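**Q** Sequence plus the predicted model coming up.
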Amino acid sequence: MVNAKLIPLSFGSNPGSLPLQYQCEVQRSQRKTLAIHIKYEKIEVRAPVQASPRDIKQFLELHQEWIERRLCEESKRHQEILCLQHGKKIFYRAQEVDIVFRQGRKERLLRDNGQLIFQAHQIDEKKAKQMLARFLQDKASEYLPFRTRALAKHLNVDHKLNDIRFRKTKSKWGHCTSTGLIQFNWLIMLAPFSIIDYMITHEVCHLKHMDHSKRYWKLVESVCPDYKRYVNWLQEHEHRLWF
Ligand SMILES: [Zn+2]
């Protein structure tokens, strides 16, 4: 990637709905075609070295409607990002639940009537993150290994499953290596069980096929016929689960 520069760009025909000025970053490289990537309040154009500013402007104008729609989506996603503070909401098992910080002698995390209550001697965002992490790690170790082993057995690949581990990443829900190590992101425990089961299925099926080939997805489908719905759900909502 060479010659990244910022150019201001103004377009947009419906004042009021969106800001008219967007930040637009052009990244030039040896690529052959132009492409647009939308990030939060930012348009990134990937362009061939020889593309002129006029080419780029025309390309942007041609895709104006799409760009505005994507900017709107990104802005909505940004507002939905999990913020662990009193009065905010957490998307837990596909329901919006109120976050309540409560001072109390005993440290505990309770679910009560549409609320997730963080109780501790001194409670702030940092403490709430620690409490939620422990809560989800406990749920992960209760649920994931037993379901994973059961499915591996059902698919006759239990001899290939070496180990199950947990970690938290900002980009992946699960991972399966050729040596039979399955890793899960314990943040998945915020999702509904159908999604968690899909994740288990996804990784266990890799013990049979280490790719995303047709036969791999056929196997996933044989266990989880609705898997496409779950893939879509994750794409739509995963930004709400990371903290
Ligand atoms: Zn995969």
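**A** Thanks, I have it.
**Q** residue ranges of the strands in this protein, please?
**A** Using DSSP state E, the strands of the chain run over 2-10, 21-29, 35-39, 42-48, 89-92, 95-103, 108-112, 115-120, 163-167, 174-176, 181-185.
**Q** any idea of the pLDDT on the residue most central in space within the chain?
**A** Geometric centre of the chain, nearest residue: Glu238, 3.2 Å, by C-alpha atoms, centre = their mean. The model reports Glu238 with a pLDDT of 92.
**Q** To Tyr198, which of the strands of the chain lies closest?
**A** The stretch from the strands of the chain with the least distance to Tyr198 (C-beta to C-beta) is strand 174-176; that distance is 9.9 Å. Heads up, the C-betas are built off the backbone N, CA and C, glycines and all.
**Q** name the helices or strands packed onto that closest one?
**A** With contacts defined as 3 or more C-beta pairs under 8 Å, 6 or more residues apart in numbering; DSSP states H and E, strand 174-176 has these neighbours: strand 181-185, helix 193-206.
**Q** would a markdown table of the ones you listed with mean neighbour count be doable?
**A** Shown next, in a markdown table, are the helices and strands packed on strand 174-176 (neighbours: other C-beta atoms under 10 Å):
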| stretch | mean neighbour count |
| --- | --- |
| strand 181-185 | 21 |
| helix 193-206 | 22 |
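**Q** one step back: quick one, what contacts the residue nearest to the centre of the chain?
**A** By C-beta atoms under 8 Å, 6 or more residues apart in numbering, the contact set of Glu238 is Trp173.
**Q** any idea how far it lies from Gly87?
**A** Per C-beta to C-beta, to the nearest Å, Glu238 is found 24 Å from Gly87.
**Q** Neighbours of Phe118, how many?
**A** By other C-beta atoms under 10 Å, 26 other residues sit near Phe118.
**Q** what's around the residue nearest to it when sequence neighbours are not counted, how many residues?
**A** Distance criterion C-beta to C-beta, 6 or more residues apart in numbering; nearest residue to Phe118, sequence neighbours excluded, is Ala128 at 4.7 Å. By the measure other C-beta under 10 Å, the count of residues near Ala128 is 21.
**Q** And the pLDDT at Ala152?
**A** Looking at Ala152, its pLDDT is 96.
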